[in-house]
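K.L.:
Requesting a structural model of the entry that follows:
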Amino acid sequence: MMFLNDKNDKISIKNLVYFLQALVHSGNISVQLSKRATSELHSVYTAHTEYNPDLRCESFDLDSLSEEMITLRKNYLEKGPGFVVVDNFWNPKYSIEQGKNGLLVLSQLFGGLMPQMASTGLLVKEVKDRSKSFDSDSTSRYSDSKEGGGYHTDGAELPPPLPAFLTLLCIRQAENGGIFKVISAYDVHDALVEKAPESLGRLYRNFYWDRRGDLGPNGEETFEKPIFSYQNRTLTCEYLRRYIDDGYKKAGVVQTEEDVTALDALDSVLYDDSIAYNILMKPGQLVISANYYTLHGRTSFEDFDDQDSKRLMLRTWIKDKTQPSYSQQKYAHLI
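P.N.:
Numbering: from 1, shown residues only. Presented below is the predicted three-dimensional model:
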């Protein structure tokens, strides 16, 4: 659902279409932190002027913030839509580096942070256009381009365990476009049961996936895993079509007709906007999403010419303390 937070907000016709489509969803998925919680965050923001990856949530008094995150997790992430928008997480009076510190500390209230690239150990990523293109760079990611991103789960290029949660903090909007789109994996699965039950079984079996240059311990460029699976009796979903298509190419394996039919059926459901939320994020807004139970994407965007005005988001990946650990030993080097 798109949120227009000011009566004077102006949106394009294209964005208005997304807004009208989102009206089919009812219920409030936007929340405000309390004054006590924002005061606690202020102490985090002002503790350091530079980004400090060694900050720990235990170093701060975050009783109110912690309680509110527990409530959000129960009401929005573990049940309900699978995501929530926090309207007042950051303020432009704080620097980008201070925003990173706040996001780093908040993420620890949900679990341990996961590196967003195993080779670098990056914990807080700046999501912005780095002039990357899928057509010219086989290691590129949607988060490094202004191209529209197909529905996916974050960390899809990595073997399990994936991030249980992701956060996305808006620092600056694009000049036009860049709408965040999110959809429930449960809704997608139910739609497939109704519309393409003959293809669902294939989605529970392994596909080849491209690692996007983040090679395995023995230099592997690809690995295998399914799209749908059950963990602890809970449905989970991992997907990014481009990474699967590229995985087959790098593995030297031709997709079968069954493979293509199943993937096409999944895409046909994903691009039905009647079951999707569309969010035009504003500076200071934070999205927290359950990565295993939702898929998200982004429309393409046009950026400002001024470097200091270009679209910028900050992102973390979070490993839940209760996340299934069936493959933690095998892939311990990724955690």
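K.L.:
element containing Glu194, please.
P.N.:
Using DSSP states H and E, Glu194 sits in helix 185-195.
K.L.:
residues contacting the residue nearest to Val127 when sequence neighbours are not counted?
P.N.:
Excluding the flanking residues, the one nearest Val127 by CB to CB, 6 or more residues apart in numbering is Met313, at 4.0 Å. Where you see a C-beta, it was placed from the backbone N, CA and C, and this is true even at glycine. Each residue near Met313 by CB atoms under 8 Å, 6 or more residues apart in numbering is listed here: Glu126, Val127, Lys128, Leu168, Leu169, Cys170, Ile171, Met281.
K.L.:
Output these in a markdown table; the columns should cover secondary structure and neighbour count.
P.N.:
What follows is those, written out as a markdown table (DSSP: H, G, I helix; E, B strand; the rest coil; neighbours: other CB atoms under 10 Å):
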| residue | secondary structure | neighbour count |
| --- | --- | --- |
| Glu126 | strand | 15 |
| Val127 | strand | 20 |
| Lys128 | coil | 18 |
| Leu168 | strand | 25 |
| Leu169 | strand | 27 |
| Cys170 | strand | 25 |
| Ile171 | strand | 22 |
| Met281 | coil | 23 |
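K.L.:
ok, those residues vs Ala191, which is closest?
P.N.:
Proximity of the contacts of Met313 to Ala191 (CB to CB) peaks at Leu168, which lies at 25.0 Å.
K.L.:
Helix, strand, or coil at the closest residue to the closest one other than its chain neighbours?
P.N.:
Of all residues not flanking Leu168 in the chain, Val287 sits nearest, at 4.6 Å (CB to CB, 6+ apart). Using DSSP: H, G, I helix; E, B strand; the rest coil, the structure places Val287 in strand.
K.L.:
Tell me how many other residues crowd Val287.
P.N.:
Val287 has 22 neighbouring residues, counting by other CB atoms under 10 Å.
K.L.:
Dig out what it forms beta bridges with.
P.N.:
Val287 forms beta bridges with Val85, Leu168, as assigned by DSSP bridges.
K.L.:
Isn't it up against Ile279?
P.N.:
Yes. Using CB atoms under 8 Å, Val287 is in contact with Ile279, at 7.0 Å.
K.L.:
re earlier: quick check: the gap between the residue nearest to Leu168 and Arg298.
P.N.:
For Val287, the distance to Arg298 equals 11 Å [CB to CB, to the nearest Å].
K.L.:
same deal with Glu40?
P.N.:
For Glu40 relative to Arg298 (CB to CB), the value is 31 Å.
K.L.:
which of these two has more neighbours?
P.N.:
Taking other CB under 10 Å, Glu40 and Arg298 do not tie; Arg298 has more neighbours (27 against 20).
K.L.:
For the more buried one, list the residues it contacts.
P.N.:
Tyr142, Gly148, Gly149, Gly178, Ile179, Phe180, Lys181.
K.L.:
so is Leu65 in a helix, a strand, or just coil?
P.N.:
Recorded secondary structure, Leu65: helix (three-state DSSP).
K.L.:
Mind pulling up the pLDDT for the residue located most distally from the centre of the chain?
P.N.:
Largest separation from the mean C-alpha position in the chain: Glu257, at 30.1 Å (CA atoms, centre = their mean). Predicted confidence (pLDDT) for Glu257: 98.
K.L.:
Equivalent analysis for Gly82, please.
P.N.:
Looking at Gly82, the pLDDT reads 93.
K.L.:
wait, isn't it in contact with Ser184?
P.N.:
Yes. Gly82 is within contact range of Ser184, at 5.5 Å (criterion: CB under 8 Å).
K.L.:
which residues do those two both contact?
P.N.:
Joint contacts of Gly82 and Ser184 (CB under 8 Å, 6+ apart) are Tyr293, Thr294.
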